[in-house]
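Undergrad: Provided below are the primary sequence and the corresponding predicted coordinates.
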Amino acid sequence: MSTVGGVVRPIRAPVNILITKADGEQEPFDPEKLIGSLDHSGASGLMRDRIVAHVLQELRPGMTTEEIYRHAYQILRREEEQPVAARYSVKRALFALGPSGFPFEQFLAEVLRAHGWSTRTGVALTGRCAPHEIDVWAEKAGRRIGIEAKFHNEAGGKTDIKDALYVKARYDDLKLSPDGASRVDEGWLVTNTTFTRNAIRYAQCSNLTLLAWDSPHTNNRMNLIEEARVPPLTCLTRLTDGETHRL
C-alpha cells in the first residue's frame, strides 16, 4: 500500500512480469513481498514507498531477486539509514560467514546464548547405537537441544529430505542414550537458506524442528536474530570486507 496526500492506494506491479528467484525458478513479481521485507527492516513508510516505486520503474522480465535486493539496499545505504540497511542485509550477510560453515555454527550458538541458553559447538555425544558429533549443543532450564547447521554458499541452495531424515535418526538415537550427559530432548535442523517441500512435510509429520529464513512453514530464524540483537558481523555496513574477515 502507498499513502499519497493522506489517501492509501495499492501499489500495483506491472502485469505478468516474471522475476527469477535464487534457485532459478520464476514467479510473478509481488510488491507486497518487497514491502514486507522493508517494513521488517524498519524502513519508514516514505522510504519504503520510494524504494518500491524505484524497483517498479526498473523492473524487467527475468530480473533476479538479488538485483531487486541490490536496488533496495543501495537506496537505504545512500540515504544513510545505516541500522535499517544493516537489518535488511542480514540474510545476505549470513552467506559471508562461509565457506566452511563453521562460523555459521558459532553464530547460531551466540544467538542462543543471547536467549539465555548455555551452548557449545562441535560436541561429541554417545547415542544408544552410535557416537555422534553435533554442530551446536544448547541447554536451558533442564531442556537440551542438539542442532545440525546446514550452511549453503549459494542463495539457491536448499536443504532436502535426506538431511531431515538423518538428523531425525541422529537425535532419536541420542534421546535413548544410556549416558545421561549425552541425552538430548529434541533436535533442530537449521539452514541459512530454505528447505524443500518434502523436507518440510517430513519434519512436520515427524516432529522435527526446522529453522529457515522467513518461511511460513518453519520457525523463523530472523526473529531469533532480531530478538537476540546479534546480527552477523558481516552485515555491518561501514566495514570493508578486509576489516570484517580480520575481526
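TA: Ah, there it is.
Undergrad: got the domain ranges for the chain?
TA: 2-88, 96-231 (automatic domain parsing).
Undergrad: which SS class is the closest residue to Ile147 other than its chain neighbours?
TA: In space, and not counting its chain neighbours, Ile147 is closest to Val136: 3.9 Å by Cβ to Cβ, 6 or more residues apart in numbering. No exception for glycine: its C-beta is placed from N, CA and C like everyone else's. Here Val136 is strand, with the state taken from DSSP: H, G, I helix; E, B strand; the rest coil.
Undergrad: hang on, isn't Val136 packed against Thr121?
TA: Yes - with contact defined as Cβ atoms under 8 Å, Val136 counts as touching Thr121 (5.5 Å).
Undergrad: overlap in contacts, these two.
TA: Contact criterion Cβ atoms under 8 Å, 6 or more residues apart in numbering; residues shared by Val136 and Thr121: 105, 109.
Undergrad: picking up where we left off before, just name the most buried of the domains of the chain.
TA: domain 96-231 (a mean of 17; mean count of other Cβ atoms under 10 Å).
Undergrad: chain center to it, what's the gap?
TA: Relative to the chain's own centre, domain 96-231 is displaced by 13 Å; criterion: Cα atoms, centre = their mean, to the nearest Å.
Undergrad: quick one: average confidence on it?
TA: Confidence for domain 96-231, expressed as mean pLDDT, is 86.
Undergrad: next: stretch 39-48.
TA: Taken as a whole, stretch 39-48 has a mean pLDDT of 82.
Undergrad: tell me where this structure has strands.
TA: Assigned by DSSP state E, the chain shows strands spanning 2-4, 7-9, 18-20, 26-28, 118-126, 131-140, 143-150, 158-159, 186-191, 194-195, 209-212, 219-220.
Undergrad: save these as CSV, and put in distance to Ile68 too.
TA: Below are the strands of the chain laid out as CSV (distance: least, Cβ to Cβ, whole Å):
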stretch, distance to Ile68
strand 2-4, 17
strand 7-9, 21
strand 18-20, 7
strand 26-28, 12
strand 118-126, 35
strand 131-140, 32
strand 143-150, 25
strand 158-159, 20
strand 186-191, 22
strand 194-195, 17
strand 209-212, 20
strand 219-220, 21
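Undergrad: so what touches stretch 140-152?
TA: By Cβ under 8 Å, 6+ apart, the surrounding residues in contact with stretch 140-152 are 95, 97-98, 100-101, 104-105, 108, 115-118, 123, 125, 134-139, 158-159, 163, 167, 170-171, 174, 183-193, 209.
Undergrad: Gly156 versus the residue nearest to Ile147, what's the distance?
TA: Distance of Val136 to Gly156, computed by Cβ to Cβ, to the nearest Å: 25 Å.
Undergrad: ok, now Thr65?
TA: Distance from Thr65 to Gly156, by Cβ to Cβ: 10 Å.
Undergrad: list residues touching both of those two?
TA: 21-22.
Undergrad: ok, the nearest residue to Arg60 once chain neighbours are set aside - contacts?
TA: With sequence-adjacent residues excluded and distances taken as Cβ to Cβ, 6+ apart, Arg60 is closest to Ile17, at 7.7 Å. Contacts for Ile17 (Cβ under 8 Å, 6+ apart) come out as 28-29, 59-61, 63.
Undergrad: then Asp173?
TA: 127-130, 132.
Undergrad: rerun that using 6 Å as the cut-off
TA: Counting by Cβ atoms under 6 Å, 6 or more residues apart in numbering, Asp173 touches 127-129.
Undergrad: same thing with Ile75?
TA: When contacts are counted by Cβ under 6 Å, 6+ apart, Ile75 touches Ile51.
Undergrad: so how far is Arg60 from the closest residue to Met63 other than its chain neighbours?
TA: Nearest residue to Met63 in three dimensions, chain neighbours excluded: Ile19, at 5.1 Å (Cβ to Cβ, 6+ apart). Using Cβ to Cβ, Ile19 is found at 9 Å from Arg60.
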